[in-house]
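Undergrad: give me a 3D structure for the following:
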Amino acid sequence: MNTQQILVDIMILFAGIFMALMATYYILRNDIQRFFNLKTIELNKESRAQILPLRLQAHERLIIFVDRINPANLLVRLHQQGIAIATLQAGILNEIRAEYQHNITQQLYIDSVTWGVVRKLKDDTIAMINNAVPGLPADANGIELSKAILQHMAGIEENPYDLTIEMIKKDIYKLF
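TA: This next block holds a predicted model:
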């Protein structure tokens, strides 16, 4: 046997092996794809199982945040006898901003629309506090600021804090 014949035989052998491997691949391709799809589905289930508690906790924390920045609760918590308007206003604004900063990472786990509503509620609350001060007499105290804010809230047809909490609850229901 000469070297040329040996090379031809080797080429035919490799071609046969290649053809056999390709035939095996095409026969098993669907099974291989199904195996990888099942692995992906399994990983997604595990991932969801780990993220679900974090998402629920984020929703819980945002409900607490909305409740804490509600002027009805905020004013009761921060009011002190004989407190000056400027001191109360600064305390309220600091409290709102601190609560917001404490919960800012929760946006990772909730719907972006819901987060937008929470952020707008925070901004609107700050604006409401700031807008209540100029309408008061110069010698007014913290009680008068509290009354002005609560009267403004009473004039709103639907409580935005309750509506935001309901939206957060609906966002939770989407998880199940």
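Undergrad: who's in contact with Leu62?
TA: Leu62 is in contact with 103, 106, 110, 114, 118, 168, counting by Cβ atoms under 8 Å, 6 or more residues apart in numbering. For the C-beta atoms, the positions are set from N, CA and C on the backbone; glycine is no exception.
Undergrad: how is it assigned, secondary-structure-wise?
TA: At Leu62 the chain is in helix, as set by DSSP: H, G, I helix; E, B strand; the rest coil.
Undergrad: and the furthest pair within the contacts of Leu62?
TA: Spanning the widest gap among these are Asn103 and Thr114, at 12.6 Å by Cβ to Cβ.
Undergrad: out of those two, which sits in the busier spot?
TA: A direct count of neighbours by other Cβ atoms under 10 Å for Asn103 and Thr114 places Thr114 higher, at 21 against 18.
Undergrad: for the more buried one, which non-adjacent residue is closest in space?
TA: In this structure, Thr114 finds its nearest non-sequential neighbour in Asp171, 4.7 Å apart by Cβ to Cβ, 6 or more residues apart in numbering.
Undergrad: can you name every helix or strand that the helix or strand the one you found falls within contacts?
TA: Using DSSP states H and E, Asp171 falls within helix 160-173. With contacts taken as 3 or more Cβ pairs under 8 Å, 6 or more residues apart in numbering; DSSP states H and E, helix 160-173 sits against helix 3-69, helix 112-132.
Undergrad: buried residues in the shortest one?
TA: Applying a neighbour-count criterion of 16 or more other Cβ atoms under 10 Å, the buried positions in helix 112-132 are 114-115, 117-118, 121-122, 125-126, 128-129, 132.
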